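okay, here's the prediction I keep looking at, along with the sequence it came from:
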Amino acid sequence: MKPYNIIICFCFFLLLTYCKDLSSNKIPVTESPSVQNRIEFLKENFNNSLSKQVIVVAHRGDWRNAPENSLQAIKNCIEMGVDMVEIDVRKTKDNQLVIIHDKTLERTTTGKGLVSEWTLDSLKTLYLKNGVGHPSKHKIPTLREALLTAKGKILVNLDKGYNYFDEVYNILIETETINQVVIKGFDKTIEQVKSDFGTKLDSIIFMPVINLDKQTNASQIIENYQKRVKPLAFEIVFSQDTSKVLSSFSEMKHKGSRIWVNSLWGSLNANHDDDMAIKNLDSIYGWYINKGINIIQTDRPALLLKYLRSKELHD
């Protein structure tokens, strides 16, 4: 055989070997750097109180396109590019943590009665209802299942997680998600928080909730928290926009804390709510931006993302 024929045959053999390996998945397929580094970007952005990137939080997940607090609602948020998903924690009769908002089952599932009166196995026989109250094929997830779905892909805010902190903490450690989960506390003094969390406070992301309608000394509470606990964010609730706290957001951010406000319904935000944003985006979401708010929890994540991206305030 002539030398050039040998070379051609050898090259053909290499090509066949490559194609065989490719078809059998022997050649590793890697995610793009943007996908691999997504959670690191989200954590770094959350830690940067002065970032121009506004954080979008989806309330109970993407509940307009999947049952609220379902695994699919979380997955939809990940695919959409939402930064954080808010989910609700409850405990079953056999002390298992599940993701469901209400104390009772009627509104969101095919069951009846209190969540606390059902075992996990029995709850798993039920189906979640969609946004208009019809049964779906989705099941009630456990906290562990929800965290594993979110792991490495999206930040998580656990509402009511404070109530079951020790059990929540153990699952965060087990699933290795402690650095991407925010736990909030309502009407809690610093002394209460330190007593409840102990040394674990140093390893979790804790966010105080400040209700300007109820806490008349809100400015002092915020100042004390920033001196002694240094929270990465404050959730601010208000039915009127007259509090002087609303004019101190820049100072709070320069001291290291992001400002979280809920655009869900009017009593949480002085009537700057999602449903009004449909009529005029700038008058609602623009109002948040002008106030210096840089975390917005919403029931319309797709709409908010589109608006923020048009203003170059979200990637």
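Alright, I've got the coordinates.

and for Arg144, the neighbour number?
Residues near Arg144, counting by other C-beta atoms under 10 Å, number 17. For every residue, glycine as well, the C-beta is placed using N, CA and C.

how about Lys230?
The local packing of Lys230 (other C-beta under 10 Å) involves 10 other residues.

gap between it and Asn47?
Going from Lys230 to Asn47 by C-beta to C-beta, to the nearest Å gives 11 Å.

pretty sure Ser203 is touching Ile178, no?
Yes: under the criterion of C-beta atoms under 8 Å, Ser203 makes contact with Ile178 at 6.3 Å.

compare the two (neighbour count), which wins?
Higher neighbour count among Ser203 and Ile178: Ile178, with 18 against 12, using other C-beta under 10 Å.

list the contacts for that one?
Going by C-beta atoms under 8 Å, 6 or more residues apart in numbering, Ile178 touches Tyr169, Leu172, Ser203, Ile204.

and Leu97, by the same measure?
For Leu97, the contact set (C-beta under 8 Å, 6+ apart) comprises Val89, Arg90, Lys91, Thr142, Leu143, Arg144, Tyr164, Glu167, Val168, Ile171.

how many neighbours does the fifth one have?
Close neighbours of Leu143, defined as other C-beta under 10 Å, add up to 25.

same question, the fourth one
One way to gauge burial is a neighbour count; for Thr142, by other C-beta under 10 Å, it gives 19.

thought it was touching Leu123?
No: using C-beta under 8 Å, Thr142 and Leu123 do not qualify as a contacting pair, with a distance of 9.2 Å.

name the residues contacting each of these two.
Taking C-beta under 8 Å, 6+ apart as the criterion, Thr142 and Leu123 both touch Val98.

and the helices in the stretch 51-200 of the chain?
Along the stretch 51-200 of the chain, counting by DSSP state H, counting those that start in this stretch, helices occupy 71-80, 120-123, 143-150, 165-175, 190-197.

quick one: list the elements packing against the longest one.
Going back to what we said before, that points to helix 165-175. Under the contact criterion of 3 or more C-beta pairs under 8 Å, 6 or more residues apart in numbering; DSSP states H and E, the helices and strands touching helix 165-175 comprise strand 97-99, helix 143-150, strand 181-186.

tell me which of the ones you listed lies nearest to Ile236.
Ile236 lies closest to strand 181-186 among the helices and strands packed on helix 165-175, at 11.8 Å (C-beta to C-beta).

ok, residues contacting the closest one?
Residues from elsewhere that reach strand 181-186, judged by C-beta under 8 Å, 6+ apart: 84, 147, 155-159, 161-162, 165, 168, 172, 192-193, 204-209, 211, 233, 235.

quick one, it and helix 190-197 angle?
Between strand 181-186 and helix 190-197, the angle formed by their directions is 130 degrees, by axes from the mean of the first three to the mean of the last three C-alpha atoms, to 10 degrees.

in its sheet, what does strand 181-186 sit against?
For strand 181-186, the pairing partners within the sheet under DSSP bridges are strand 155-159 (parallel), strand 205-211 (parallel).
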